[in-house]
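# Turn this into a model:
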Amino acid sequence: MRKNLCGQYCFCLATDKVDSYFVYMHGGPLFIKLITETMYLEELSNKVWATKNARFLASKRMGRSRKSSTVAVALLSASIIAVNMLVFFDQNKHCSTMITVLTIILSTFSLVVSLLIAMLRYEYREDNYHQCAMDLENLNQRIKLRINEFDKSGGQGNIESPKEDNEKFLKEYYDIQKKYNQNHTDFDYKYSIWKAERNEGDAPCVSLCYWLRWNVFDVYMLYWLIALAPIAALIWACS
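Purely as a prediction, here's the structure:
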């Protein structure tokens, strides 16, 4: 019995034989068809919900990468200025040529990083994922509303309505994905599902793997390394 899908009616579908009196009182085969269509609508709602969560997570990931990349470029530029200032110290007069070469290398590296970040279009992708998730959330709420209406009516509505709803909602689901044309990663999907359904019984290694993947082994960490490495080298050179 799957009460979470369509209440009491799912009990009939889960048994080998359907009570003939119950089916007769509710419209016979047409009633069973109506329940089947509604169960499909519930499955579609679950699919939309999972995609929506993955898109929200992808939007958050893009926003984090956008902020980290901005900080990385800013600190890298500040480091270049600081390296240039080293030549004015008497103890660094003998290595002025090395400082000049290092400045040229860091300036070129900063230019390349800036161009690559611009090509990745983090701000556009962040907004794209977020708007897609909002549209999917709106669609999912309408699907749930339609299922609730069926549950309250006791299955006495128009037999063609659920099938028409399925086709309409399914088409809208794929239209939303075509409209935004930005797919989330496999990790976005798996991590969003895990966050929504995790419980205390989860293995510690699973939680640790997801935590490391989200907080350490992500592209935004590379930007922090780019930002902090020149500063660390500068501090070491001046010490």
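
# For this protein, which residues score under the pLDDT cut-off?
The model of the chain has pLDDT under 70 over residues 1-35, 37, 153-163, 199-202, 237-239.

# right, and Trp224 touches Ala72 too?
Yes: counting by Cβ atoms under 8 Å, Trp224 does reach Ala72; the two are 6.8 Å apart. Using the backbone N, CA and C atoms, a C-beta is placed for each residue, glycine as well.

# Give the residue from the two that has the larger number of neighbours.
Between Trp224 and Ala72, counted using other Cβ atoms under 10 Å, the more crowded position is Ala72 (23 against 14).

# is it true that the more buried one touches Tyr223?
Yes: shown here, Ala72 and Tyr223 form a contact pair, counting by Cβ under 8 Å, at 3.9 Å.

# any idea how far Val87 is from Lys93?
Separation of Lys93 from Val87 (Cβ to Cβ, to the nearest Å): 8 Å.

# I should have written Asn166 there, sorry.
72 Å.

# When the two are compared, which one has more neighbours?
Between Asn166 and Val87, counted using other Cβ under 10 Å, Asn166 has the larger neighbour count: 18 against 15.

# so that one sits right up against Met39, yeah?
No: Asn166 is beyond contact range of Met39, at 10.2 Å (criterion: Cβ under 8 Å).

# between these two, what contacts are shared?
Shared contacts of Asn166 and Met39, defined by Cβ atoms under 8 Å, 6 or more residues apart in numbering, are absent.

# Longest helix in this protein, by number of residues?
helix 29-85 (DSSP state H).

# which residues are in contact with the helix or strand following it?
Counting by DSSP states H and E, the element after helix 29-85 in chain order, helix or strand, is helix 96-120. Residues outside helix 96-120 that contact it (Cβ under 8 Å, 6+ apart) are 65, 69, 72-73, 76-77, 79-80, 83-84, 86-87, 92, 226, 230.

# Closest one to Asp151 out of the residues you listed, please.
Ser65 (42.6 Å; Cβ to Cβ).

# The longest helix of the chain packs against which elements?
In terms of contacts (3 or more Cβ pairs under 8 Å, 6 or more residues apart in numbering; DSSP states H and E), helix 29-85 is packed against helix 3-6, helix 10-13, helix 20-25, helix 96-120, helix 122-153, helix 161-180, helix 186-197, helix 219-238.

# can you do 7 Å?
Here helix 29-85 touches helix 3-6, helix 96-120, helix 122-153, helix 161-180, helix 186-197, helix 219-238, going by 3 or more Cβ pairs under 7 Å, 6 or more residues apart in numbering; DSSP states H and E.

# Deepest-packed of the ones you listed, please.
helix 122-153 (a mean of 17; mean count of other Cβ atoms under 10 Å).

# What about Ile80, how many residues nearby?
Ile80: 19 surrounding residues under other Cβ under 10 Å.

# measure the nearest residue to it once chain neighbours are set aside to Phe89 for me?
Sequence neighbours aside, Leu106 is the residue nearest to Ile80 in space, at 4.8 Å (criterion: Cβ to Cβ, 6 or more residues apart in numbering). From Leu106 across to Phe89, the span is 18 Å (Cβ to Cβ).
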